[in-house]
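# Starting from these lines, generate the structure:
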Amino acid sequence: MKPEPFQTGRVMLVAFSHFVHDVYTSFLSPLLPLIIEKLSLTLGQAGLLSTVMQVPALLNPVIGLFADNRGLARWLVILAPTLTAVSMSLILNAGTYSLLLILVFLAGISVALFHVPSPVLVAGYSGLKKGRGMGLYMTGGEAARMVGPMFAVAAVSFLGQDRFYLVMGLAVLISVLLYFALEKETEKTGMKRKGSIKSAYDEIKHVLVPITGVLAARSFMHAVMGTFLTVFVERQTGSLWYGGAALALYEAFGVAGILCAGTLSDRIGRQRVLFWVLMVAPAAILTFVFTDGFIKVAMVGVAGFTVLSTTPVMLALVQENAKMNPSAANGLFMMASFFVRSVAVFLAGIIGDLAGLDNMFIVSAVIGFFAIPFLLKLDHS
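Residues are numbered from 1 along each chain as shown. So this is what the prediction gives:
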């Protein structure tokens, strides 16, 4: 039987919709100073907004099961960009804190509605080149994290706070485009099933269990570089600008790593790619801590390239093994990723408080090496 071809147009369209969708989810942080001033919020109230927005991630397996059993993966991907955009475009118009909490919670639900089934569509459109497809898909999300805050600030400056809601129009156009571009795929994505979360877990547990171990070890590296890098650089240099530049460099090389790792894993194997990046990543972070000058800057790029490049490879592994319940399986993977990442950020912060920033980075890098035993278990599963 001839393998299905790589559908470049549809993969790129879903990847671009990922970019547009995640641009809206990145609005909260850059707009937070305006929201705090308007509603006279405490820092605790402001911090709760991000937590509330992430809570619906716990529903990922249920959403995935719903998409699988009802054959609604396509429709969720079509509608979610608009649903997210409506909620996030109205946050500056919220007159009360309660209404603001409702808006970010609804946005969190639509974020889950998009991110659970969209990799399933990409996997279906990618044929045997699932790593390449996941790499392109994840590039959209990473690029949005760089562009989104700048877009939000520019939109407020141009439109004003009262008319900021007009930015939702772009997402509506994307949803319309997705509807017409993906409408002929109903025979693949519209098949109703009678799966369960348990059956989805049983189908991928030989992959999910070791991958969760890899995620747990990697999450400490992800936490310190993604969350605390700017603080580390600012305290060493006294310049917030240098901290921001370091994070931008980290994210930029992360985009390159995501693009390369997924495609390379199609050619030489998923486990082999994961092995090399998971060996290099902690070594790069340790080198970053103990060096200065050009080498220190270079290690930020190497860490971004390796730490962030693991996700598309793991997504491809999950989808290759989830034949009957692909969305539910992806939901389980995403829930595991969300849980271990949240715990790692909290624990890394505690380590930093008790032992200092340098030791926080060192300990997190050492923990990163513990991903390898789990990876070897995956190789033999």
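# If you count neighbours, what's buried in stretch 70-81?
Gly71, Leu72, Ala73, Arg74, Trp75, Leu76, Val77, Ile78, Leu79, Ala80, Pro81 (16 or more other CB atoms under 10 Å). Every residue, glycine included, has its C-beta placed from N, CA and C.
# Met324: what secondary structure?
What DSSP: H, G, I helix; E, B strand; the rest coil gives for Met324 is coil.
# Leu308 touches Ile258, doesn't it?
Yes: using CB atoms under 8 Å, Leu308 is in contact with Ile258, at 6.0 Å.
# Contacts only, for the closest residue to Val313 other than its chain neighbours.
Spatial nearest neighbour of Val313, chain neighbours left out: Ser265 (4.7 Å); criterion: CB to CB, 6 or more residues apart in numbering. Residues in contact with Ser265 (CB atoms under 8 Å, 6 or more residues apart in numbering) are Gly131, Arg272, Val273, Leu274, Pro312, Val313, Ala316.
# Now the buried members of those residues.
Gly131, Val273, Leu274, Pro312, Val313, Ala316.
# After the one helix or strand Ala298 maps to, which helix or strand is next? Please name it.
According to DSSP states H and E, Ala298 maps onto helix 293-307. Reading on from helix 293-307 to the C-terminus, the next helix or strand found by DSSP H and E is helix 310-321.
# in the helix or strand just after that next one, what's buried?
Later in the chain than helix 310-321, the nearest helix or strand by DSSP H and E is helix 326-355. For helix 326-355, a neighbour-count test (16+ other CB under 10 Å) marks 326-341, 344-345, 347-348, 351-352 as buried.
# can you check stretch 282-301 too?
Across stretch 282-301, burial judged by 16+ other CB under 10 Å covers 282-289, 296, 298-301.
# just stretch 261-273 next, same as before
Using 16+ other CB under 10 Å as the burial criterion, the residues of stretch 261-273 that qualify are Ala261, Gly262, Thr263, Leu264, Ser265, Asp266, Arg270, Gln271, Val273.
# So the last one versus Ser265, what's the distance?
So the one you mean is Val273. Distance of Val273 to Ser265, given as CB to CB, to the nearest Å: 4 Å.
# Using the record's assignment, carve this protein into domains.
Split into domains by automatic domain parsing, the chain comes to 8-189, 197-379.
# Asn321: neighbour count?
16 (other CB atoms under 10 Å).
# following the helix or strand encompassing Pro30, which helix or strand shows up next?
Using DSSP H and E, Pro30 sits within helix 28-39. Next helix or strand after helix 28-39 toward the C-terminus (DSSP H and E): helix 43-54.
# Give the buried residues for that following helix.
Neighbour counts over helix 43-54 (16+ other CB under 10 Å) mark Ala46, Leu49, Val52, Met53, Gln54 as buried.
# Show me where the stretch 151-300 of the chain dips below the pLDDT cut-off.
183-195, 240 (pLDDT under 70).
# the helices in it, which residues?
Taking DSSP state H, counting those that start in this stretch, the helices of the stretch 151-300 of the chain run over residues 169-182, 186-189, 197-227, 229-237, 240-268, 270-290, 293-307.
# so how far is the fifth one from its chain's centroid?
The gap between where helix 240-268 is centred and where its chain is centred comes out at 13 Å by CA atoms, centre = their mean, to the nearest Å.
# tell me which residues of that helix are tucked away?
243, 246-247, 249-266.
# now the angle between helix 197-227 and it, please.
Counting by axes from the mean of the first three to the mean of the last three CA atoms, to 10 degrees, helix 240-268 points 140 degrees away from the direction of helix 197-227.
# Also the fourth one?
Here helix 229-237 runs at 20 degrees with respect to helix 197-227, directions being taken by the same axes, to 10 degrees.
# Run through the neighbouring helices and strands of helix 229-237.
Counting contacts by 3 or more CB pairs under 8 Å, 6 or more residues apart in numbering; DSSP states H and E, helix 229-237 is packed against helix 240-268, helix 357-369.
# how does it look with 6 Å?
helix 240-268 (3 or more CB pairs under 6 Å, 6 or more residues apart in numbering; DSSP states H and E).
# Can you check what pLDDT the model gives the residue nearest the centre of the chain?
Nearest to the mean C-alpha position of the chain, by CA atoms, centre = their mean, lies Gly141 at 6.4 Å. Reported pLDDT at Gly141 in the predicted model: 89.
# Quick check: it touching Asp22?
Yes: with contact defined as CB atoms under 6 Å, Gly141 counts as touching Asp22 (4.8 Å).
# Pull up the gap between Val209 and Gly141, please.
Counting by CB to CB, the gap from Val209 to Gly141 is 25 Å.
# what do you get for Leu103?
With CB to CB as the criterion, Leu103 and Gly141 are 21 Å apart.
# just Ile351 next, same as before
According to CB to CB, Ile351 stands 28 Å off from Gly141.
# and what of Leu177?
Leu177 is 18 Å from Gly141, by CB to CB.
# Could you do Phe338 as well?
For Phe338, the distance to Gly141 - CB to CB - is 14 Å.
# And the contacts of stretch 52-72?
73, 76, 101, 104-105, 107-109, 112, 116-117, 190-193, 195, 197, 325, 327-328, 330-332, 334-335, 338 (CB atoms under 6 Å, 6 or more residues apart in numbering).
# try stretch 81-91
With CB under 6 Å, 6+ apart as the test, stretch 81-91 has contacts from 17, 20-21, 24, 27, 103, 106-107, 110, 165, 167-168, 171-172, 174-175.
# tell me the contacts of the residue nearest to the centre of the chain?
His18, Asp22.
# So it, which state does it fall into?
Secondary structure state of Gly141, per three-state DSSP, is helix.
# Ala94: what's its closest spatial neighbour, skipping adjacent residues?
Nearest non-adjacent residue to Ala94, counting by CB to CB, 6+ apart: Leu100, 4.1 Å away.
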